[in-house]
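A.B. asks: From the sequence below, what's the structure:
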Amino acid sequence: MFFRDIVGQEKVKQQLIDEINENRIPHAQLFYGPTGTGKLPLAIAFARYINCTDRGTTDACGKCPSCLKFNKLVHPDIHFSFPTVNTKTSDDFIAQWRDCVLNNPYFDLSHWLIKMKAENAQAIIYAKESTNIIKKLSLKSSEGGYKISIIWLPEKMHPTCANDLLKIIEEPPEKTLFLLITEAPDKIIPTIVSRTQRIDVPRVDEESIAKALQERHQIIPEESFHIAHMANGNVIKALDCITLNKDHEVFFDSFVNLMRLAYQRNIKPLKQWSDAMAGLGRERQKNFLEYSQQLIRENFIYNFKSQTMNYMTLKETNFSKNFARFINEGNVSEIMFELSEAQRHIEQNVNSKMVFFDFSLKMIVLLKH
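C.D. replies: The predicted model follows:
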């Protein structure tokens, strides 16, 4: 991953390059921003540029010994930590991690769970991960450059792990850096956040996304700009659109089926729908409920007849032409509340059949408001 591979984010790239060229690299940085903005690719490109022995003014050389190791993510002084399952450490999944990042560095937790074949699990960074991090960073640099610990989603750290890392993050060994990539800094213990310098990574501009879709995926200009607008600054969402993400298709079909059955007050098929949703893993159930909230919000906005305010695929837009009128000021808040409650209950491991059937019954009433 080079700076040139990152979609947009020119201002952030320059900020990171300036830190290196001016020799003022903070020992701990927190890359913060919404999903799909390129935080992980930025951190990896930054780490490559730092240790490149023949770097240019805007990017790493790609040819020095350090860069050649980065090409396969096997640099001995770069250490990755990320959420795992079954109380395992990142080292146990490093082969899958490298394959995931090298194949496409724009991914989220749901993609990573699929890669680990753990869709039904709750991934966290377990307590014993801190022992591995401290041990690795206590060793002398193999290449003579910086030792860098890249922690993806530190908000998933077990409290014991987070507390164990406090001292080394505050006072790391010489030429040791921490790069933390988060989407929820409020869920990281404050004492860690206070020890980092925050790097804000904003949503990617539509023009950059459209250009990337045209140049890297051969999408025609008109379609690329439609996808870029719908993605709303999220490169992952844009890529999901062009790869016909299976979950996205399943979620859309499930949402449409639910709304039609609820409108028809068809109880038995609604029970069958609930049972089918219960067959999804917990993470996919939460993702469906989040997707449903987004689609409800988009359908409410659709009623204002302003295309620039909507972020839907063509398929979703066609559905909304007839459905949007059922989402109005009288029910939108209640529907969003019930979806949020269902998501909270799923996170608390409440019986998913009960959660989805209860919500489907409430939709019968809410759609008539």
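A.B. asks: and K305, which of the three is it?
C.D. replies: Under DSSP: H, G, I helix; E, B strand; the rest coil, K305 falls in the coil class.
A.B. asks: nope, Q294 is what I meant
C.D. replies: In three-state terms, and counting by three-state DSSP, Q294 is helix.
A.B. asks: dump the residue contacts of it.
C.D. replies: By Cβ atoms under 8 Å, 6 or more residues apart in numbering, no residues touch Q294. Where you see a C-beta, it was placed from the backbone N, CA and C, and this is true even at glycine.
A.B. asks: what stretches of the stretch 201-350 of the chain score poorly on pLDDT?
C.D. replies: Low-confidence regions of the stretch 201-350 of the chain, defined by pLDDT under 70, span residues 243-247, 307-308, 310.
A.B. asks: Helices of that one, start to end?
C.D. replies: 206-217, 221-231, 235-242, 246-264, 267-278, 282-302, 314-323, 332-347 (DSSP state H, counting those that start in this stretch).
A.B. asks: number of nearby residues for N299?
C.D. replies: 23 (other Cβ atoms under 10 Å).
A.B. asks: same deal with the one 5 residues further on?
C.D. replies: Other residues within reach of F304 by the criterion other Cβ under 10 Å amount to 10.
A.B. asks: From N328, how far out is it?
C.D. replies: Using Cβ to Cβ, to the nearest Å, we find F304 at a distance of 11 Å from N328.
A.B. asks: same thing with G56?
C.D. replies: Using Cβ to Cβ, G56 is found at 56 Å from N328.
A.B. asks: beta partners of the nearest residue to F82 once chain neighbours are set aside?
C.D. replies: Once flanking residues are discounted, F82 sits nearest to W152: 4.3 Å by Cβ to Cβ, 6 or more residues apart in numbering. On the basis of DSSP bridges, W152 is bridged to I181.
A.B. asks: What number of residues are in the vicinity of W152?
C.D. replies: Neighbour count of W152, defined by other Cβ under 10 Å: 23.
A.B. asks: Then the one 5 residues further on?
C.D. replies: Burial of M157 is recorded as 26 neighbouring residues (other Cβ under 10 Å).
A.B. asks: My guess is it contacts I188. True?
C.D. replies: Yes - between M157 and I188 there is a contact under Cβ atoms under 8 Å: 7.4 Å.
A.B. asks: ok, residues contacting the strand or helix carrying I192?
C.D. replies: Using DSSP states H and E, the element containing I192 is helix 190-193. Helix 190-193 has contacts (Cβ under 8 Å, 6+ apart) with L30, P154, A162, L165, L166, I169, L180, P185.
A.B. asks: So the fifth one: helix, strand or coil?
C.D. replies: So that's L166. helix.
A.B. asks: just to revisit the earlier point, can you show me the CA trace of the next helix or strand after the helix holding I192 as CSV?
C.D. replies: For helix 190-193, the succeeding helix or strand toward the C-terminus, using DSSP H and E, is strand 197-200. The C-alpha trace of strand 197-200 is given here as CSV (Å, rounded to 0.1, in the frame of the first residue of the first chain):
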residue,chain,number,x,y,z
GLN,A,197,-2.4,12.7,18.5
ARG,A,198,-5.7,12.6,16.5
ILE,A,199,-5.6,12.4,12.7
ASP,A,200,-9.1,13.2,11.3
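A.B. asks: just how off-centre is strand 197-200 within its chain?
C.D. replies: 17 Å (Cα atoms, centre = their mean, to the nearest Å).
A.B. asks: Show me what that strand is packed up against.
C.D. replies: On a contact count with 3 or more Cβ pairs under 8 Å, 6 or more residues apart in numbering; DSSP states H and E, strand 197-200 meets helix 10-21, strand 28-32.
A.B. asks: N299 is nearest to which of these?
C.D. replies: Of all those, strand 28-32 sits nearest to N299, with 30.0 Å by Cβ to Cβ.
A.B. asks: Report the buried residues of that closest one.
C.D. replies: A28, Q29, L30, F31, Y32 (16 or more other Cβ atoms under 10 Å).
A.B. asks: Dig out what the last one forms beta bridges with.
C.D. replies: Okay, so that is Y32. Bridge pairing for Y32 - DSSP bridges - gives T182, D200.
A.B. asks: Reformat the helices of the stretch 201-350 of the chain as a markdown table; add distance to S130.
C.D. replies: Listed next are the helices of the stretch 201-350 of the chain as a markdown table, based on distance: least, Cβ to Cβ, whole Å:
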| stretch | distance to S130 |
| --- | --- |
| helix 206-217 | 37 |
| helix 221-231 | 36 |
| helix 235-242 | 29 |
| helix 246-264 | 32 |
| helix 267-278 | 36 |
| helix 282-302 | 24 |
| helix 314-323 | 43 |
| helix 332-347 | 25 |
